[in-house]
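[1] fold the following and give me the result.
(chains A and B)
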Amino acid sequence: GAVVSQHPSRVICKSGTSVKIECRSLDFQATTMFWYRQFPKQSLMLMATSNEGSKATYEQGVEKDKFLINHASLTLSTLTVTSAHPEDSSFYICSARGLAGIHEQYFGPGTRLTVT
Amino acid sequence: GENVEQHPSTLSVQEGDSAVIKCTYSDSASNYFPWYKQELGKGPQLIIDIRSNVGEKKDQRIAVTLNKTAKHFSLHITETQPEDSAVYFCAATLSTGFQKLVFGTGTRLLVSP
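    Model (predicted):
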């Protein structure tokens, strides 16, 4: 149980284009989903928190107009990187948490984004 | 806000030895402390967690201890195997807001055959 998937696993895009990453909870309903960014040999940095049907809450320093997050259902959240630039190249990982009051977060396998 | 420190940054052991990774946290109201294992190119995998009302928890070769007074918690892996080689992250939940996780800086564990 508690499986989270991400699609795509790898994506290469040209500078200036937009990329959408999907995060799905496959066997549970995720009331809250989180999006992280991880640079090589570094820890996970939280970008934003999204609750189903609500606007995402972004961490300080994360541009909400650049990283668009949508949590339209209890099993799907999407992250769109708009007008991507080479510095946006990173490993993006989502996590999902079930019912309110439950602490456990389960992570997806990650998406490697390369902007050329 | 919460700050989580993790030591050591790298740990090399021989197969069969024990490995211990330590973390300290700053927010005394934190109440949930998970440990994640991350293999190269993959997402973190929850391996064990502990809540603030428990002092120790064990799952086969893995155990976690929590000292709330000192605000530190540790991961213990016994009888290490080469497949235990990975990066391990500790985390603590903030007591406010969405109970977001704050991660430590990670420990790269290498188990040599």
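
[2] for residue A:92, give its distance to residue B:81.
    From residue A:92 across to residue B:81, the span is 30 Å (Cβ to Cβ, to the nearest Å). Backbone N, C-alpha and C define where each C-beta goes, glycine included.

[3] and the residue nearest the centre of chain A, helix, strand or coil?
    What sits nearest the mean C-alpha location of chain A, by Cα atoms, centre = their mean, is residue A:35, with 3.5 Å. Here residue A:35 is recorded as strand under DSSP: H, G, I helix; E, B strand; the rest coil.

[4] my read: it touches residue A:94, true?
    Yes. Between residue A:35 and residue A:94 a contact is recorded at 5.4 Å, counting by Cβ atoms under 8 Å.

[5] joint contacts of these two?
    A:23, A:77, A:79 (Cβ atoms under 8 Å, 6 or more residues apart in numbering or on different chains).

[6] quick one on the thing from earlier: against residue B:58, how distant is the residue nearest to the centre of chain A?
    From residue A:35 to residue B:58 the distance is 32 Å (Cβ to Cβ).

[7] so residue A:104 makes contact with residue A:28?
    No. Residue A:104 lies out of contact with residue A:28 (Cβ under 8 Å); the separation is 10.0 Å.

[8] tell me how many other residues crowd residue A:86.
    Counted by other Cβ atoms under 10 Å in any protein chain shown, the residues lying close to residue A:86 total 9.

[9] any regions of the chain where pLDDT drops low?
    Let's take chain A. A:1, A:100-101 (pLDDT under 70).

[10] actually chain B
    By pLDDT under 70, the weakly predicted segments of chain B are B:95-96.

[11] again, 80 this time
    Residues of chain B that meet the criterion pLDDT under 80 lie in B:1, B:94-98.

[12] near chain A, which residues of chain B are found?
    Counting by Cβ under 8 Å from any Cβ of the partner chain, the residues of chain B close to chain A are B:31-32, B:34, B:36, B:41-46, B:49, B:51, B:89, B:93, B:97-101, B:103-106.
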